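**Student:** this is a predicted model, with the sequence first.
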Amino acid sequence: MDKPLIFKIEKKLDGALGRAGEIVTPHGTILTPSFVVVGTKGTVKAMTPEQLLDIGVQVTLCNTYHLYLQPGDELVARAGGLHKFMNWHGPMMTDSGGFQVFSLGAAYGKEISKITKPETNPSNIITERSSVLDGVPRLATIGNDGVSFRSHIDGSLHYITPEKSIEIQHNLGADMIFAFDECTSPSEDDRYQEEALSRTHAWAKRSLEYHKSKPNSQRQALFGIVQGGRSEELRKKSAQVIGSMDFDGFGIGGSFAKEDMSTAVAWCNEVLPENKPRHLLGIGEPEDLFMGVENGVDLFDCVGPTRIARNGMLFTASGKINLFNAGFVTDFGPVDSDCECSTCRDYTRAYLSHLFRAKEMLGATLASIHNVYFITHLVSRMREVILEGTFDKFKKEFLGRYISK
RNA sequence: GCGUCGGUGGUGGAGUGGUCUAUCACAACAGACUGUAAAUCUGUCGCCUUCGGGCUUCGUAGGUUCGAAUCCUACCCGACGCA
């Protein structure tokens, strides 16, 4: 390969931004749209890479910030790179640490995350930006040049700049890496959104320049990240600015109010170059995946399927179920009778219920296998129906049955 | 038989005269979780309620006291010790 990434569109959705295609990376080809399973610390929690392959997972995403702190990116490089270190030999992405600017900074200690609820508690609104919140020091503070992080593991102070993020990601060696960005909350005011956006753009440029100056740019693709909050003007401006830089692909970032998400994604993808892959960062509820695919997203990653699995919540064709609920104690049927995963084939709801109540770790594994299978196959099914020309029908059938809470 | 200690809500276990429906933990019952500080977090957890409150509980039965899970007496039950 003379380029780190080749993207081809096979078929577009009529009258919409959606498309099916493929991304060729040094570690294999990803058929898109595709769901990227998150393995933050170099492991998809509770699962082995063999299980991921059995399920049909095509690509994983690990985190720069976490691996930099532990075990350290230089150690991973000495181990021969992250693919070898964690025994995942397929396509891999790393996030830049940009999300931790948000989750350990402005969002620290507040009930805000990727999706901000409209009825959010007033005390969660971000009113000031000091490094101390109610007497508790935040773990991240933002400067124009980079971000100071306090390690959540041992409290030590670290400073990450766009160049540092890329350097770490070069040491980790993923096929697709991300520019360092600042994710903002929708509750920030317009002035702050604008200020943060210009910082993200400046950081994107620095990330790209540093990346291009290194030989790793021959084998690692760099994605720029579009921000801009809920403003159409800022989203489109960001898509324009980031889209015009020489990135190999693009991420769409931000923390959304649920009802803003589809418009924000559409604004970005109307402007972003069509011939490069787009990744919607951190989104993974079934209804959101349909929205994203329809609006031209090729890749999604999300901690949801694995996190909720570990907490006993499983996807089914008719909605999520909580295995802790009393009714499942004696339910000897499969988790989802329509599902073909090994958990549904070989185990019952009653057994999983027992494992969770007994705090047995196999419960987390079996539940994760199911949820990852469910979401992975949902998205790959979306690809198939785009190719078959029956996306709308499939969407209607699925969402007609699936009750989201 | 005598003696000692002890019997508290589903469980363990605090509390030893008023602020006690009774700390806390577990269990149970529900809820949340979207680029993972997450095998985590939150709520409920005697009965009734028009959500203001009302009623009933600390082995059983009496008693002392303005007031008892807390003090006294008897009984029942358990553990240990001595016969």
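**Tutor:** That came through fine. Residues are numbered from 1 along each chain as shown, chains lettered A, B, ... in the order given.

**Student:** contacts only, for the closest residue to RNA strand B within the stretch 251-400 of chain A.
**Tutor:** Across the stretch 251-400 of chain A, the shortest distance to RNA strand B (CB to the nearest atom of the strand) belongs to A:G282, at 2.2 Å. In this view, the C-beta of every residue, glycine as well, is placed from N, C-alpha and C. The neighbours of A:G282, taking CB atoms under 8 Å, 6 or more residues apart in numbering as the test, are A:99, A:114, A:253, A:301-303.

**Student:** A:N63: how many residues sit nearby?
**Tutor:** 21 (other CB atoms under 10 Å).

**Student:** could you do A:E232 as well?
**Tutor:** 12.

**Student:** please enumerate the strands of the stretch 301-405 of chain A.
**Tutor:** A:313-316, A:319-322 (DSSP state E, counting those that start in this stretch).

**Student:** just name the most buried of the ones you listed.
**Tutor:** strand A:313-316 (a mean of 22; mean count of other CB atoms under 10 Å).

**Student:** measure how far it is from the centre of its chain, please.
**Tutor:** Remark: strand A:313-316 is offset 19 Å from the chain centroid, using CA atoms, centre = their mean, to the nearest Å.

**Student:** for stretch A:168-176, same thing?
**Tutor:** Offset of stretch A:168-176 from its chain centre (CA atoms, centre = their mean): 16 Å.

**Student:** quick one on the thing from earlier: ok so the residue of the stretch 251-400 of chain A closest to RNA strand B is a helix residue?
**Tutor:** No - counting by DSSP: H, G, I helix; E, B strand; the rest coil, A:G282 is not found in a helix; it is coil.

**Student:** do you know the pLDDT at it?
**Tutor:** In this model, A:G282 is scored at 97, pLDDT.

**Student:** rewinding a little: which of the contacts of A:G282 has the most neighbours?
**Tutor:** Result: A:G253 is most packed of the contacts of A:G282 (other CB under 10 Å), 29 neighbours.

**Student:** identify the residues contacting that residue.
**Tutor:** A:98-99, A:181, A:183, A:225-227, A:281-282.

**Student:** using a markdown table, lay out these together with distance to A:L352 and secondary structure.
**Tutor:** Listed next are these as a markdown table, based on distance: CB to CB, whole Å; DSSP: H, G, I helix; E, B strand; the rest coil:
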| residue | distance to A:L352 | secondary structure |
| --- | --- | --- |
| A:G98 | 36 | helix |
| A:F99 | 31 | helix |
| A:D181 | 38 | coil |
| A:C183 | 34 | coil |
| A:I225 | 37 | strand |
| A:V226 | 39 | strand |
| A:Q227 | 39 | coil |
| A:L281 | 30 | coil |
| A:G282 | 27 | coil |
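
**Student:** can you pull out the helices in the stretch 201-350 of chain A?
**Tutor:** Ranges of helices in the stretch 201-350 of chain A, per DSSP state H, counting those that start in this stretch, are A:232-243, A:261-271, A:286-294, A:304-310, A:342-346, A:349-357.

**Student:** out of the ones you listed, nearest to A:F85?
**Tutor:** Smallest distance to A:F85 across the helices of the stretch 201-350 of chain A (CB to CB): 19.6 Å, for helix A:304-310.

**Student:** which residues are contacting the closest one?
**Tutor:** In contact with helix A:304-310 (CB under 8 Å, 6+ apart) are residues A:37-38, A:44-47, A:284-285, A:314-315, A:320, A:364, A:367-368, A:370-372, A:374-375.

**Student:** and that helix, how far from the chain's centre?
**Tutor:** With CA atoms, centre = their mean, you get 13 Å for helix A:304-310.

**Student:** so is that helix next to RNA strand B?
**Tutor:** Yes - against RNA strand B, helix A:304-310 shows contacts by CB under 7 Å from any atom of the strand at A:304, A:306-308, A:310.

**Student:** compare the residues you listed and tell me which has the most neighbours.
**Tutor:** A:T306 (25 neighbours).

**Student:** next, count neighbours for the closest residue to A:S342 other than its chain neighbours.
**Tutor:** Of all residues beyond its chain neighbours, the one nearest A:S342 is A:I369 (6.1 Å), with distances taken as CB to CB, 6 or more residues apart in numbering. A:I369 has 25 neighbouring residues, counting by other CB under 10 Å.

**Student:** equivalent analysis for A:G18, please.
**Tutor:** Neighbours around A:G18, by other CB under 10 Å: 23.

**Student:** any idea how far it is from A:N87?
**Tutor:** 34 Å (CB to CB, to the nearest Å).

**Student:** ditto for A:A266
**Tutor:** 39 Å.

**Student:** ok, the two, which is more surrounded?
**Tutor:** Neighbour count, other CB under 10 Å: between A:A266 and A:N87, A:A266 has more, with 19 against 11.

**Student:** please name the nearest non-neighbouring residue to the more buried one.
**Tutor:** A:N295 (4.7 Å).

**Student:** against A:N269, how distant is that neighbour?
**Tutor:** 6 Å.

**Student:** what residues are shared contacts of these two?
**Tutor:** A:L17.

**Student:** could you give the angle of the helix ranked longest in chain A to helix A:349-357?
**Tutor:** Taking DSSP state H as the criterion, chain A has its longest helix at helix A:361-388. Between helix A:361-388 and helix A:349-357, the angle comes out at 130 degrees (axes from the mean of the first three to the mean of the last three CA atoms, to 10 degrees).

**Student:** residue ranges with poor pLDDT in chain A?
**Tutor:** A:1, A:118-137 (pLDDT under 70).

**Student:** contacts only, for the residue of it most remote from its centre.
**Tutor:** In chain A, the residue that sits farthest from the middle, by CA atoms, centre = their mean, is A:T330; the gap is 35.6 Å. Listed by CB under 8 Å, 6+ apart, the contact partners of A:T330 are A:A350.
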